Structure formats: C-alpha cells, structure tokens
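Chemist: Any chance you could fold what I've pasted below:
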Amino acid sequence: MTRLSVNVNKIATLRNARGGDVPNVVQVAMDCERFGADGITVHPRPDERHITTKDVYDLKEAVRTEFNIEGYPDDRFIKLIEEIRPEQVTLVPDPPGVLTSNAGWNTKANIELLSDLASHFRTLGIRSAVFVDTQAESIEYAAQSGMDRIELYTGPYAEGYHKNREDAIAPYVHASALAHSLGLGVNAGHDLSLENLRFFKEQLPHLDEVSIGHALIADALYLGLENTVQRYKYLLR
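Modeler: Model (predicted):
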C-alpha cells in the first residue's frame, strides 16, 4: 500500500502568524500518526517562515513513524540532516526565496552534487530521494547518482486533472515505470488532493509514498483532522 506522509508546514505557518505555540506542531504530527499517517514531512527553510530548526529537533523526539525532511542541500541543511538523521531526506532545488517547490532538479547538470550527497546519506543510514519532473533524462541521471528514490513533482498533474485526466497522468505513468525499471523507489507530491489522488494512485502501481500538506490541512478545516487523514489513507488503499 502507498504510504501517506503528512507535511505539517502549514500548521507551523498558522502558529507563526500569531506567535506562541498554538497550534502545536508536535502535537498535530503525533495526532496525524495516531489517525493513521505513515510518516511526517517538514521543509525547514532558511527564513523559518513555517517550520523552524527547533521544530525539527522537537519532531525528531516525537515522531514514531517515518520522518522525512525536505530541503535544498546547503551547508545548514546538511548539518541538520547529519544531526537529526531522519529516515528519509528529500532534496529539492529551491533557492531560499522560492514560495513553494515548483520544479524538479536538473539531475544531469547536478550529477556530481547528487552523487556525493547520495553516498554521504547512505553512510548515515538515511534513505535519499530527489525531487524531479517526469522527463526520462532526469530520472535516468537520478538513478546514476545513486539516489534511492525520486519524488515526482505532481503540480502539472493536479493542474491538468480537470481538463483531461488521462493526458495529465500519462507522463507520470511512463516516469514511474522507468524509475521502477532502474531500481528507484517512487514518491510523489505537490497539489495532490482528495479530488485527484485516487486516480493518480490507480495509474501508478509502483507508487511508494505521497507527501501531502496544503490540501490535507485545508480539508481538515472542514472535515476534521482525523477524518481527513483517514480519507486520504482510504484513497491510497
């Protein structure tokens, strides 16, 4: 079964808007696990506009499922990964000022960097994933770098879903099959929702994990967190 990792960045955004500790990021993460989530994802950006460095250390002590940390591999991020040692690290190519991850790595141009990182994380016992688009070349070089998994950027799929879902999913079907044939695990994330997740899952038989934050937290405002997590889990069965 495809695993659900809940991204709790938006909980930190809400907390930071007022200051203090409400809502409590650690408590929400623990609740998500209790309600059925298979993992917790965070993306600690340099400006700490949502998840802070302190949050990452606090979550390390509390998370009992899989802890996945996303980020651009600058010195600050690598040091954090070395100290926390999460189960998975997902590398994104975002420069510091980007609002959200909206493109995959050029894995060919960055093959040396990604290879060094994959080797380093493996010595630490950390599974590595690299955020990519659906182009075959990107996936082939991800495999050459020694990364354990790719994470498919699903923004274009979500955007095209209501226009023509078969056309929208086609590049992801090919990308997933290629990755699997090259020995890569397949994760996915960005704008997956209660509307488009079931079809995505049905078409990608080798899908290991999805990371969902914005839509899930927005749905929870109406449906409640427990109900929402369980609805997403149901769609992944």
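Chemist: What distance do you get for L197 to S145?
Modeler: Distance, L197 to S145, by Cβ to Cβ, to the nearest Å: 28 Å. Any C-beta I mention is one placed from the backbone N, CA and C, and that applies to glycine too.
Chemist: Hmm, I typed the wrong one, I wanted F131.
Modeler: For F131, the distance to S145 - Cβ to Cβ - is 13 Å.
Chemist: next one: D58
Modeler: D58 is 32 Å from S145, by Cβ to Cβ.
Chemist: ok, E83 - how many residues close by?
Modeler: Applying other Cβ atoms under 10 Å, we find 11 residues neighbouring E83.
Chemist: center of this structure - which residue?
Modeler: Taking Cα atoms, centre = their mean as the criterion, S211 is the residue nearest the geometric centre of the chain, at 4.1 Å.
Chemist: about what we covered before: who has more neighbours out of D58 and S145?
Modeler: Each of D58 and S145 has its neighbours counted (other Cβ under 10 Å); S145 has more, 23 against 15.
Chemist: returning to that earlier point: run a quick neighbour tally on the closest residue to the residue nearest to the centre of the chain other than its chain neighbours.
Modeler: Excluding its sequence neighbours, the residue lying closest to S211 (Cβ to Cβ, 6 or more residues apart in numbering) is G189, at 3.8 Å. Close neighbours of G189, defined as other Cβ under 10 Å, add up to 25.
Chemist: repeat for V26
Modeler: For V26, using other Cβ under 10 Å, the count is 17.
Chemist: Not counting the strand or helix carrying it itself, show me its contacts.
Modeler: Taking DSSP states H and E as the criterion, V26 maps to helix 25-34. The contact list for helix 25-34 (Cβ atoms under 8 Å, 6 or more residues apart in numbering) reads 6, 8, 11-12, 15, 40, 51, 55, 58-59, 62-65, 225-226, 229.
Chemist: Next: stretch 5-16.
Modeler: 21-25, 28-29, 32, 37-43, 49-52, 55, 66, 68, 189, 209-214, 216-218, 229.
Chemist: if you set the cut-off to 6 Å instead, what comes out?
Modeler: By Cβ atoms under 6 Å, 6 or more residues apart in numbering, the surrounding residues in contact with stretch 5-16 are 23, 25, 28-29, 32, 37, 39-41, 43, 50-51, 68, 209, 211, 213-214, 217.
Chemist: And for stretch 196-215?
Modeler: Residues from elsewhere that reach stretch 196-215 (Cβ under 6 Å, 6+ apart): 2-3, 5, 7, 9-10, 41, 158, 161, 165, 169, 173, 176, 180, 185-189, 192-193, 235-236.
Chemist: one step back: list the buried residues for the helix holding V26?
Modeler: For helix 25-34, a neighbour-count test (16 or more other Cβ atoms under 10 Å) marks V25, V26, V28, A29, M30, D31, C32, E33 as buried.
Chemist: Same question for stretch 149-165.
Modeler: Buried residues in stretch 149-165 (16+ other Cβ under 10 Å): R149, I150, E151, L152, Y153, T154, G155, P156, Y157, A158, G160, Y161.
Chemist: what does stretch 59-69 give?
Modeler: So for stretch 59-69, counting by 16+ other Cβ under 10 Å, buried means L59, V63, T65, E66, F67, N68, I69.
Chemist: Equivalent analysis for stretch 220-227, please.
Modeler: Buried residues in stretch 220-227, counting neighbours by 16+ other Cβ under 10 Å, are found at A220, L225.
Chemist: packing partners for the lengthiest helix in the chain?
Modeler: Ranked by residue count, the top helix of the chain under DSSP state H comes out as helix 165-181. For helix 165-181, the elements it packs on are helix 136-145, helix 155-160, helix 197-203, judged by 3 or more Cβ pairs under 6 Å, 6 or more residues apart in numbering; DSSP states H and E.
Chemist: Right, I'll leave it there.
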